[in-house]
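Trainee: using only what follows, build the 3D model:
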Amino acid sequence: MSEIEKLLEVMRRLRDPDGGCPWDLEQDFSTIAPYTIEEAYEVADAIEREDWDDLRDELGDLLFQVVFYVQLAREQGYFDFDEVAAGVTDKLVRRHPHVFGDADAKDAAGVRAGWEEIKARERADGSDPSALAGVARALPALKRAQKLGARAAGVGFDWSDRKGVENKIQEEIEELSEAIGSRDGARVEEEMGDLLFAVVNLARHVDADAEKALAAANRKFERRFRAMEDDLAKDGRDMRRENHENLEQRWRKAKRTVG
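Mentor: Okay, the predicted model is just below:
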């Protein structure tokens, strides 16, 4: 047996009503989905840390998620592992005509353009012909916003230049300020969402990944905040008892020392 065949057999045993694992037997597609998302993030985390041994393990955990879904699907008569593998193989060949066909692509930009054109044709032939079809609802909100904006731009619905997006951001800031003044919580949340969506589209216009940008900002904030905590602790001081001016000075020091 190949290693993948062994894995499929282990999964079958885990789901066997006669002697299988009680926990695995209780699961269904919806209960497993959150674990899949978690495992995908752990793969990304291992890559960010450049821990290749951990990446190997995390990829195994992610593969197990695929195998779990396949077993559930087999039990329902939906599909099996070979059909999943065949489907993605066919898709990759179809979407890489510059490798497996006669099309020409000189650089990565040309590949991306061809890929999006092929995907657009596939969507047009599918049950949902919208340009927004297939943008997964389970994506992180920033990532999904950027994909929605890119899809809309792909069919011509976009600002003509970066300045237009910047003007939209300013407009949304003003509308948010008005909403805050109204003390209408639902309106404030709506306007905050509109502002965030506009900012994400600015990221797209300057070729930045909003999700990565915010993740980097989170790490930077945490690094500086922890440095500020350490600095205060060395002086025997409690952050909760410091005034704003002193905290601002410590924050500027942290920015200088840890970047």
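Trainee: any idea of the mean pLDDT in the host helix or strand of Leu8?
Mentor: Leu8 is located in helix 3-14, with elements delineated by DSSP states H and E. Helix 3-14 shows a mean pLDDT of 97.
Trainee: over to stretch 127-144?
Mentor: On average, stretch 127-144 scores 87.
Trainee: ok, stretch 41-49 next?
Mentor: Mean pLDDT, stretch 41-49: 92.
Trainee: pull out the buried residues from that stretch.
Mentor: Neighbour-count burial for stretch 41-49 flags 42-43, 46 (criterion: 16 or more other CB atoms under 10 Å). Every residue, glycine included, has its C-beta placed from N, CA and C.
Trainee: now stretch 106-124
Mentor: 111, 114, 118-120, 123.
Trainee: mark which of those are part of helices, please.
Mentor: Of the positions in the buried residues of stretch 106-124, 111, 114, 118-120, 123 sit in helices, assigned by DSSP state H.
Trainee: a markdown table for those, including distance to Ala153 and pLDDT?
Mentor: What follows is these, written out as a markdown table (distance: CB to CB, whole Å; pLDDT from 0 to 100):
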| residue | distance to Ala153 | pLDDT |
| --- | --- | --- |
| Val111 | 18 | 82 |
| Gly114 | 17 | 83 |
| Ile118 | 18 | 83 |
| Lys119 | 14 | 78 |
| Ala120 | 12 | 77 |
| Arg123 | 15 | 75 |
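Trainee: from the chain's centroid, how far away is the helix or strand containing Trp23?
Mentor: Using DSSP H and E, Trp23 maps to helix 22-26. Relative to the centre of its chain, helix 22-26 is centred 29 Å away, using CA atoms, centre = their mean, to the nearest Å.
Trainee: just the mean pLDDT for it, thanks.
Mentor: Computed over helix 22-26, the mean pLDDT rounds to 97.
Trainee: show me what the next helix or strand after it is packed up against.
Mentor: The helix or strand immediately downstream of helix 22-26 is helix 29-49, counting by DSSP H and E. Counting contacts by 3 or more CB pairs under 8 Å, 6 or more residues apart in numbering; DSSP states H and E, helix 29-49 is packed against helix 52-76.
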